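A.B. asks: I would like the atomic coordinates for the input below:
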Amino acid sequence: MSDTVQQEDIQTDRFRDLLKKIEERNYTVGIVGLGYVGLPLMWTFHSSNMPVLGFDIDKDKIKCIEEGEPYIKHLGKEMMQKLAGSNRSDATTDFDRISEADALLLCVPTPLDHHREPDMQYIEKTCLTIGEHLREGQLVILESTTYPGTTEELIIPILESKSGLTAGEDFYVAYSPEREDPGNPSFNTSKIPKVVGGHSKEAIELACALYDTSIVETVPVSDTKTAEAVKITENVFRAVNIALVNELKVVFAEMDIDVHEVLDAADTKPFGFMKFVPGPGLGGHCIPIDPFYLTWKAREYEEHTRFIELAGEINTSMPQYVVDQTLKALNAHKKAMNGSNILVIGLAYKPDVDDMRESPTFKIMDLLKEYGADVSYYDSHIPKIKPTREHDEWTGMKSVEWDKDTINSFDCVVISTDHSDIDYLKLAEWTDCIIDSRNAVKPKWAKNEDHIWKA
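C.D. replies: Alright, predicted model coming up:
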């Protein structure tokens, strides 16, 4: 028997053994990055009786997992306590334990840099660390949203260079984009189909087998590049349509037409229309960022994504529109922006979560401050602003109290996020100047509609 044939037989036997380990629930799933994507993923596999091992550089997160204390509010304490009390769940800052995991699912940040180009440092550093401990038979899956080609062009070369192993022969590589929607009660991680692309057919089969243990459906595609393009397409679709209704909001406002009334009526059409809602700008970890990954990659092929770039311009301009409306509202009350006390309601990027990543509220607060306003915020989900990558000047600020005297002390209130726990009827009674970017305060609720400015 030739060495090549013997090596192929060894690889085939190893592959079958790995599939059997998955089937028998003895396949350890390593989750690298225990944030809004990694922690729910860890819980999902644990709930399917898979052994899980979480990795994070943040010692506070590991301590919370060990003690059963939630650090992501909407996930709740019960989940954390079950993870803490399980003998099939562990979390660590010790990346020397990488070799203990059979699969390594990478859930690390992929932000933009100051030039609005992909910042891949977190992926690169993670892969360098994994490469130092990578062993034969391991499966590495990137879940972070990124540009098409990342897995083949960046991840595999790093892993091979650091480990001395060969992808597709000694270890397996796949890509399966996260589709988390924090706070969505209808769709948690286990209920959202997983798109899976692999570097090899064995990688696709192994990754699908793994996700099939815990996810409602797997959707295999031809390769990693296609899977990466799927996630980009999903978020470009949303970004472009949100830009459209944001532009309509501005145009219809000049015509004295309520865009929300228009959209509600249009949504009664049973075909050919999908409702998107305008707002103060884009937030979260995907939609404000991902389209720019594609525009950056397209330039390598001398292609111009004009449609996507225009949508980006519209969406990033919305915080300025909200501030301009605030300026007009104050002027109507014979007040200047400079020196006014302004309360911004909602720091989270979407209702009823404590997730403030890429929240447009920060940009609104920055602009108000530049105009000379004294800015405060209220958000019951975020009582104190934690450090962020781009808005350190607000770190440590605390939410104001929710009571009549406090709210009434501000010259105006800007609604940036429409949390459901806010009594908007009382808000309309407590202040005579509201700038509403979310259509949260219905005009019929207010005593005087003139004091509510739609933005």
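A.B. asks: worst-scoring helix or strand of the protein, pLDDT-wise?
C.D. replies: Least confident helix or strand, the chain: strand 452-454 with a mean of 77, by mean pLDDT, DSSP states H and E.
A.B. asks: how about the secondary structure of the spatially most central residue of the chain?
C.D. replies: With distances taken as CA atoms, centre = their mean, the chain has H285 as the residue nearest its mean C-alpha position (3.0 Å). Under DSSP: H, G, I helix; E, B strand; the rest coil, H285 falls in the coil class.
A.B. asks: list the contacts for E247?
C.D. replies: Residues in contact with E247 (CB atoms under 8 Å, 6 or more residues apart in numbering) are I314. (Glycine included, C-beta is placed from N, CA and C.)
A.B. asks: would you double-check that it falls in a strand?
C.D. replies: No. Using three-state DSSP, the assignment for E247 is helix, not a strand.
A.B. asks: from D113, how far off is it?
C.D. replies: 27 Å (CB to CB, to the nearest Å).
A.B. asks: and for S48?
C.D. replies: 37 Å.
A.B. asks: give me the more crowded residue out of the two.
C.D. replies: More crowded of S48 and D113, by other CB atoms under 10 Å: S48, with 15 against 10.
A.B. asks: can you pull the contacts of that one?
C.D. replies: Residues in contact with S48 (CB under 8 Å, 6+ apart) are 25, 190, 213-214.
A.B. asks: list buried residues within the residues you listed.
C.D. replies: Among the contacts of S48, those classed as buried by 16 or more other CB atoms under 10 Å are 190, 213-214.
A.B. asks: now render the residues you listed as CSV, adding distance to E300 and secondary structure.
C.D. replies: Shown next, in CSV, are the buried ones among the contacts of S48 (distance: CB to CB, whole Å; DSSP: H, G, I helix; E, B strand; the rest coil):
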residue, distance to E300, secondary structure
S190, 36, helix
T213, 37, coil
S214, 36, coil
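A.B. asks: pLDDT of stretch 75-85, averaged?
C.D. replies: If you average the pLDDT over stretch 75-85, you get 90.
A.B. asks: buried sites along it?
C.D. replies: So, applying 16+ other CB under 10 Å, buried residues of stretch 75-85: 75, 79-80, 83.
A.B. asks: and for stretch 361-376?
C.D. replies: 361-368, 371, 373, 375-376.
A.B. asks: what separates that stretch from the chain centre, distance-wise?
C.D. replies: Offset of stretch 361-376 from its chain centre (CA atoms, centre = their mean, to the nearest Å): 24 Å.
A.B. asks: got a list of contacts for that stretch?
C.D. replies: With CB under 8 Å, 6+ apart as the test, stretch 361-376 has contacts from 280-281, 283, 319-320, 322-323, 326-327, 336-344, 346-349, 356, 377, 388, 390-391, 394, 397, 400, 410, 414, 416-417.
A.B. asks: nearest residue to T150 in space, please, no chain neighbours.
C.D. replies: E228 (6.1 Å; CB to CB, 6 or more residues apart in numbering).
A.B. asks: and if you look at Y293?
C.D. replies: With sequence-adjacent residues excluded and distances taken as CB to CB, 6+ apart, Y293 is closest to Y147, at 4.2 Å.
A.B. asks: and the gap between the one you found and C127?
C.D. replies: The gap separating Y147 from C127 is 16 Å, by CB to CB.
A.B. asks: settle it for me: which of those two has more neighbours?
C.D. replies: Neighbour count, other CB under 10 Å: between Y147 and C127, C127 has more, with 27 against 23.
A.B. asks: the more buried one is in contact with E160, isn't it?
C.D. replies: No. Under the criterion of CB atoms under 8 Å, C127 is not in contact with E160, lying 10.1 Å apart.
A.B. asks: in this structure, where is pLDDT below threshold?
C.D. replies: Applying pLDDT under 70 to the chain flags residues 1-9, 443-450.
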